[in-house]
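Peer 1: Got a predicted model here, sequence first, then my questions.
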Amino acid sequence: MELEYALREQAGVAMVVRATDPVELLLIKRASHPSDPWSGHIALPGGRRDAADVDLLGTAIRETREETGVLLDRTRLLGRLPIVAPRGPRLPTIAVAPFLFEVPADTSAFPEPGEVSWTRWFPIDRLRDPSLRVDYRIRLPEGERRFPGIQLDEDVLWGMTWRVVMDLFEALD
């Protein structure tokens, strides 16, 4: 993990792509919890590192299984994308390591109700569609802010997940 993030709390997330035609990416919608700053957001499966996790890759694998039932294997790891961290002053100081995995085309995902509202596979071509790009607006104590996002039916993918997805697109190009 890069030195600038060494003193932060750590998390691992999995970018799970399903070998379909077109290739699909697994996204989740986080369940609503009052103490969760990312409550109800579109996200990648993953979470905070536990003391029992060997490394952040292990964290991403464990959290993906717990949240979606998808069993990841280190041998299906395609790579790691750059670490991201929240940019807001009221958000936790955490560093998130995204790992890219490939799974077979018949892989299914199921939400763990306590943590995840839904799991869905989205074609990467759809996520890249410029017509789905939106300005996502949120109200903060200091006023309204706009963030880039992707409209996915009734939800918007934005924030750190958007940044990781953009890093994936850059890597694919």
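Peer 2: Everything's here; your move. Numbers count the residues shown, from 1 in each chain.

Peer 1: Tell me the buried residues in stretch 53-64?
Peer 2: 53, 56-57, 59-64 (16 or more other C-beta atoms under 10 Å). All C-beta spots, glycine's among them, are computed from the backbone N, C-alpha and C.

Peer 1: So which other helices or strands are in contact with the helix or strand encompassing Leu168?
Peer 2: Following DSSP states H and E, one finds Leu168 within helix 159-172. Packing partners of helix 159-172 (3 or more C-beta pairs under 8 Å, 6 or more residues apart in numbering; DSSP states H and E): strand 9-18, strand 24-30, strand 94-103, helix 124-128, strand 143-152.

Peer 1: average pLDDT for that helix?
Peer 2: Throughout helix 159-172, pLDDT has a mean value of 93.

Peer 1: What lies in contact with that helix?
Peer 2: 13, 15, 25, 27, 38, 41-44, 79, 81-82, 84-86, 96, 98, 100, 124, 127-128, 147-150, 157 (C-beta atoms under 8 Å, 6 or more residues apart in numbering).

Peer 1: What count of nearby residues applies to Gly114?
Peer 2: By the criterion of other C-beta atoms under 10 Å, Gly114 has 9 neighbours.

Peer 1: Tell me who's in contact with the closest residue to it other than its chain neighbours.
Peer 2: Closest residue in space to Gly114, ignoring its immediate chain neighbours: Ala31 at 6.5 Å, by C-beta to C-beta, 6 or more residues apart in numbering. By C-beta under 8 Å, 6+ apart, the contact list for Ala31 reads 39-40, 113-117.
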